[in-house]
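1. What would the 3D arrangement of this be:
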Amino acid sequence: MNNAAPLADSKRLPWIDSARGFAIFGIFMVNLPSFHGPYFMYGNGNNFWGTGEPGLWQVIIDIFFQASFYSLFSFLFGFGIQIIYENLLAKNVEAPRKYMVRRLSILLGFGLIHAFLIWYGDILITYAIIGFLLLLFLNRKNSTLVVWSLCVLLIPTLLYSGLLFLASLLEDISNVANWTAIENANQNYGAGSWGDILSQNANDWLYGNQVINFLFTLFNILPIFLIGLLFARNKWLHDLQVHKKPMKKWWFGSLILFVLFKAGPYTFGSPLWFSLLQDTIGGIASAIFYVTSIAFLYHKFKKFFQLLGYVGKMALSNYIMQSIIGVTIFYSIGFGLYGKLTPFQTIVVGLIVFPVQIILSYLWLKKYKRGPLEWLWRCLIYKRRLPNKRKSNGEGAYEQIGNI
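-> Residues are numbered from 1 along each chain as shown. Prediction:
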């Protein structure tokens, strides 16, 4: 029996789309400095941020954005995988895992195109590969999810942070930089041809995804995938009134860890050896705090969160759009602003672009049910052309939308 089909809009959770739209905003704010310059890839971020007012913007980004929003997006990815899997089981689809594998394989294809033809900072390849591992946990017990997430997150993070701390006692490791790589990036992205940019892009992707780097990414993302899976399985975000007590515990606990691990390091100089703890524990805590806060506040600020939801329903399309915009603004094939804006001006770019994305998403969703890439993704998954145009104005641009 083959009844596989995308999740109906009427079954979606609107606050999940709002959280996803919020994540898309935060990811762009974190990615902008990497579009602007090579320092966060090859070291010496102070070269870009400096001290004084520029340093203040770095602190704000570091506490409220860095590692928080890819963690939030990762949480929602794991959450969505569980919802989709349950939807396939409810429809008695034969071999539902093959649909999940196909879904992730197509996502991997999107990621390869994005990473090598648009921007090296792609996250889709990583999500697809780690997503295949996530499939191994779909039928595991809740206790298994908790134990695996804690062990995979804490053991390597604590060991690596301890080694960095010992290294910091022997020499200053706070400002290590690969100056040759920085100069190459400045030349190719700032003044190079299309071929130079693609070559540099491939080199940067390979550098950023070395085996050791990928392992640490795996140790960070898989645990938050599993937590998202756990939330979806227990329906904690589905009915907040029924699950108010556990949700309040998650909210309060994540807030404490958010403050301690994201802002806390600045009370003792924010040393480099603590950065992984700040990004992993602090990043995951802030992600859970953000998503639970949005869920609790959604109905009080519904109109505002619906604006985020327009972007969230078209998360893949908007994510790729941001990369195209970033390349156009900063690289030599576009406006050529690579390395030329101040930190504040770089942040302003994000504050201008995201409202434009809200407007474009709203206009698109007035006519279509899904974003262009979301629609293509589903057509490839289900091996048929799915209807996308809205039948009448009565359907509205914003329905009960939630998980991709």
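
2. Show me the helices in the stretch 151-300 of the chain, by range?
-> Under the criterion DSSP state H, counting those that start in this stretch, helices of the stretch 151-300 of the chain are mapped to 179-191, 194-208, 211-234, 244-258, 275-297.

3. Make TSV from these and add mean neighbour count to it.
-> Bear in mind the C-beta positions are built from the backbone N, C-alpha and C, glycine included. Conversion of these to TSV gives the following (neighbours: other Cβ atoms under 10 Å):
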stretch	mean neighbour count
helix 179-191	17
helix 194-208	16
helix 211-234	20
helix 244-258	15
helix 275-297	23
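
4. Pipe the ones you listed into JSON lines and attach distance to Phe132 and mean pLDDT per row.
-> What follows is these, written out as JSON lines (distance: least, Cβ to Cβ, whole Å; pLDDT from 0 to 100):
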{"stretch": "helix 179-191", "distance to Phe132": "31", "mean pLDDT": "94"}
{"stretch": "helix 194-208", "distance to Phe132": "19", "mean pLDDT": "96"}
{"stretch": "helix 211-234", "distance to Phe132": "11", "mean pLDDT": "96"}
{"stretch": "helix 244-258", "distance to Phe132": "27", "mean pLDDT": "96"}
{"stretch": "helix 275-297", "distance to Phe132": "21", "mean pLDDT": "96"}
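
5. Which one of these lies nearest to Phe344?
-> Minimum separation from Phe344 across these (Cβ to Cβ) falls at helix 179-191, 20.1 Å.

6. and of the helices of the stretch 151-300 of the chain, who's closest to Leu166?
-> helix 275-297 (14.0 Å).

7. C-terminal to the closest one, what's the next element?
-> helix 302-313 (DSSP states H and E).

8. quick one on the thing from earlier: next, format the helices of the stretch 151-300 of the chain as JSON lines and append distance to Asn388.
-> Supplementary listing: the helices of the stretch 151-300 of the chain in JSON lines, determined by distance: least, Cβ to Cβ, whole Å:
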{"stretch": "helix 179-191", "distance to Asn388": "36"}
{"stretch": "helix 194-208", "distance to Asn388": "31"}
{"stretch": "helix 211-234", "distance to Asn388": "26"}
{"stretch": "helix 244-258", "distance to Asn388": "34"}
{"stretch": "helix 275-297", "distance to Asn388": "27"}
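
9. what's the closest of the ones you listed to Ser168?
-> helix 275-297 (11.1 Å).

10. which strands and helices sit next to the closest one?
-> helix 14-36, helix 68-90, helix 142-170, helix 211-234, helix 244-258 (3 or more Cβ pairs under 8 Å, 6 or more residues apart in numbering; DSSP states H and E).

11. Redo those helices as JSON lines? Include distance to Leu272.
-> Rendered in JSON lines, the data for the helices and strands packed on helix 275-297 read as follows (distance: least, Cβ to Cβ, whole Å):
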{"stretch": "helix 14-36", "distance to Leu272": "17"}
{"stretch": "helix 68-90", "distance to Leu272": "19"}
{"stretch": "helix 142-170", "distance to Leu272": "7"}
{"stretch": "helix 211-234", "distance to Leu272": "15"}
{"stretch": "helix 244-258", "distance to Leu272": "21"}
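
12. right, so of the ones you listed, which gets closest to Ala191?
-> helix 14-36 (14.9 Å).

13. For the closest one, name the packing helices and strands.
-> Counting contacts by 3+ Cβ pairs under 8 Å, 6+ apart, helix 14-36 is packed against helix 39-42, helix 46-49, helix 53-64, helix 68-90, helix 275-297, helix 302-313, helix 315-330, helix 343-367.

14. Which is the succeeding secondary structure element to the last one?
-> Per DSSP H and E, helix 343-367 leads on to helix 372-382 as the next helix or strand towards the C-terminus.

15. could you turn that following helix into CSV, dropping everything but the C-alphas?
-> Included here for helix 372-382 are C-alpha records, laid out as CSV according to Å, rounded to 0.1, in the frame of the first residue of the first chain:
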residue,chain,number,x,y,z
PRO,A,372,9.8,26.7,-5.1
LEU,A,373,12.6,24.5,-3.7
GLU,A,374,10.3,22.9,-1.1
TRP,A,375,7.9,22.0,-3.9
LEU,A,376,10.7,20.6,-6.1
TRP,A,377,12.0,18.6,-3.1
ARG,A,378,8.6,17.0,-2.5
CYS,A,379,8.1,16.2,-6.2
LEU,A,380,11.4,14.4,-6.3
ILE,A,381,10.6,12.5,-3.0
TYR,A,382,7.2,11.3,-4.1
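
16. on contacts alone, who are the packing partners of it?
-> Taking 3+ Cβ pairs under 8 Å, 6+ apart as the contact definition, the neighbouring helices and strands of helix 372-382 are helix 96-117, helix 315-330.

17. that older thread, and of the helices and strands packed on helix 275-297, who's closest to Tyr99?
-> helix 68-90 (5.9 Å).

18. In that closest one, which residues are buried?
-> By neighbour count, and taking 16 or more other Cβ atoms under 10 Å as the criterion, the buried residues in helix 68-90 are 68-88.

19. so who does Gly326 touch?
-> Neighbour list for Gly326: Phe28, Asn31, Leu32, Phe35, Trp119 [criterion: Cβ atoms under 8 Å, 6 or more residues apart in numbering].
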